[in-house]
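In: Sequence first, then the predicted structure:
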Amino acid sequence: NERTFIAVKPDGVQRRLVGEIVRRFEKKGFKLVALKLVMASEELLKEHYWHLRNRPFYNRLVRDMSSGPIVAMVWQGLDVIKTGRKMMGETSPSDSMPATIRGDNGVEVRRNAIHGSDSVESAHREISLWFQETELS
Ligand code: ATP
Ligand code: MG
């Protein structure tokens, strides 16, 4: 059964969106496999966003992600990676359709509330980066 890594980013936690995001994934029918509130280290965040290291916003992104706690989660279910990405909307909330998580919550790309793995490979990589094997039910 497919699994994906979903995170409520610091801006989403700060804006009290944890409950709404969890509810949407539950309501869709996905199974919660793991969940924790963490202050991510710079080392972890740099590795998480390694593929974006040459982008001009990389340092800012790592700083934004260090600005407060993150709710790190693993969700499981049929096509959860692709469907989760659809539920999130586009990278920029201003480009995201209404009824998506980003489309319904704000306009700034730096405050887009949620992260979700974008492929089977990144899901595997991100789940093992953020969770110990013993934390996964
Ligand atoms: P995520 O990986 O967080 O799920 P994504 O896959 O939609 O988002 P990526 O291209 O992987 O988007 O970018 C990672 C994150 O970097 C975005 O979620 C956003 O917070 C930030 N970001 C992307 N583009 C910009 C930009 N032009 N300026 C500032 N931050 C940006
Ligand atoms: Mg991404």
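Out: That came through fine. Owing to the predicted nature of the structure, the values given are computational and were not obtained by experimental measurement. Ligands and ions are numbered 1, 2, ... in the order given.
In: contacts, neighbours, all on C-alpha from now
Out: Noted.
In: does ligand 1 sit close to stretch 47-61?
Out: Yes. Against ligand 1, stretch 47-61 shows contacts by C-alpha under 6 Å from any ligand atom at Phe57, Leu61.
In: Buried residues in that stretch, which are they?
Out: His48, Tyr58, Leu61 (16 or more other C-alpha atoms under 10 Å).
In: Which residues does that stretch contact?
Out: Residues from elsewhere that reach stretch 47-61 (C-alpha atoms under 8 Å, 6 or more residues apart in numbering): Lys46, Val62, Arg110, Glu126, Leu129.
In: Make sure Arg16 is indeed in a helix.
Out: No. Checked against DSSP: H, G, I helix; E, B strand; the rest coil, Arg16 lies outside a helix; its state is coil.
In: Please identify the residues of this protein in proximity to ligand 1?
Out: Phe57, Leu61, Glu90, Thr91, Val109, Arg110, Asn112, His115, Gly116.
In: Only whichever of these are buried, select them in ChimeraX.
Out: Applied in ChimeraX, the following selects the buried portion of the residues of the chain next to ligand 1 according to 16+ other C-alpha under 10 Å:
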select :61,90,91,112,115,116
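In: Return the member of the residues of the chain next to ligand 1 nearest to Val38.
Out: Taking C-alpha to C-alpha as the measure, Val38 sits nearest to His115 out of the residues of the chain next to ligand 1, at 14.4 Å.
In: does that closest one sit in a helix or strand, and which one?
Out: strand 114-116 (DSSP states H and E).
In: by contact count, what packs against that strand?
Out: Other elements packing on strand 114-116 under the criterion 3 or more C-alpha pairs under 8 Å, 6 or more residues apart in numbering; DSSP states H and E are strand 3-8, helix 80-88.
In: would you turn these into JSON lines with distance to Glu42?
Out: What follows is the helices and strands packed on strand 114-116, written out as JSON lines (distance: least, C-alpha to C-alpha, whole Å):
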{"stretch": "strand 3-8", "distance to Glu42": "16"}
{"stretch": "helix 80-88", "distance to Glu42": "25"}
